[in-house]
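Peer 1: Quick one, what's the 3D model for this:
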Amino acid sequence: MTDMHALKKSATLAAAGLVVAGALLAGCGESKATPMNDDYAGNSGETEKSQEEQSQSSGSDSSDSSDSSSSSDSSDSSDSGTTSDKKDTGNYKDGDYSINGQYGPVGEDSIDVHLTIKDGNVENVEIVGHPFTTISKNHQDAFAKAINGVVDGKPLKDLKVDKVAGASWTSDAFNKALEIARQEASIQE
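Peer 2: Predicted structure coming up:
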C-alpha cells in the first residue's frame, strides 16, 4: 500500500504543478509591436551600423522623420499590444517604416519588420529575426523567406496575414507590426 500512497501523492503534486503553471502562463504569449524609432523601443538586437543605415534610409524625407520623432516621444507602452499614439486614417504616405514585434510565451522572441510603402501598397518587406531558440530561428527564417510572396503589392489598409510558413506566433507579431505601420504611415489631418 505504500507504493499506491506514493503514486497518489505524486499524481496529486503533478496535477497541482500543472494548475500553477497554467495560472502563471495564462497571460503570456500575446504579441506586441513598437515603432523602432520610438525612444522606448530599445535595442532591437541589430548592430549599431545596421541601425544607422536604416535610420538614414528612413530619414530621407525630413518631414517624415520629424513627424515620427515628435509624436513618438509622447507614446507609452500599453497592454493593447500596440504602442503608437497616431490614428490609422486609411490614407498612407510613402516611406520606409521599421517596427519591432515581440512574442512568445514570455516575450522572448522578436522580429524587426522593415516595410516599404508606396501608393498605399506594401512594396517590400524585410524581416530581421531575433530568436531565442533554434525552433524559433527556423520559424523566423521560413517566415522571412515567404512573407514577400504573401504581402508584396497588397494594400496596407486592412492587411492581415494568417499563419505564414507554419509560423503562427511570428505571423501574429507581424500583424501587430502592420497595425503600427498603418498608424505611423497615416497622414494625420
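
Peer 1: helices and strands of this protein: which one has the lowest mean pLDDT?
Peer 2: Taking mean pLDDT, DSSP states H and E as the measure, the helix or strand of the chain with the lowest value is helix 62-72, at a mean of 35.

Peer 1: Direction included, what does the helix or strand following it pair up with?
Peer 2: Sequence-wise, the next helix or strand downstream of helix 62-72 (DSSP states H and E) is strand 95-103. Using DSSP bridges, the strands paired with strand 95-103 in its sheet are strand 32-35 (antiparallel), strand 109-118 (antiparallel).

Peer 1: list the buried ones in the last one?
Peer 2: Pointing back at strand 109-118 there. Asp109, Ser110, Ile111, Asp112, Val113, His114, Leu115, Thr116, Ile117 (16 or more other Cβ atoms under 10 Å). Quick note: C-beta positions are derived from backbone N, CA and C, even for glycine.

Peer 1: The first one: what's it in contact with?
Peer 2: Under the criterion of Cβ atoms under 8 Å, 6 or more residues apart in numbering, the contact list for Asp109 reads Gln102, Tyr103, Gly129, His130, Pro131, Phe132, Thr133, Ser136, Gln140, Trp169, Thr170, Ala173.

Peer 1: Also Lys86?
Peer 2: Lys86 neighbours (Cβ under 8 Å, 6+ apart): Ser71, Gln183, Glu184, Ser186, Gln188.

Peer 1: So Val185 sits against Thr116, correct?
Peer 2: Heads up, residue 185 is Ala, not Val. No: Ala185 lies out of contact with Thr116 (Cβ atoms under 8 Å); the separation is 10.5 Å.

Peer 1: Residues in contact with both of those two, list them for me.
Peer 2: Joint contacts of Ala185 and Thr116 (Cβ under 8 Å, 6+ apart) are Gly95.
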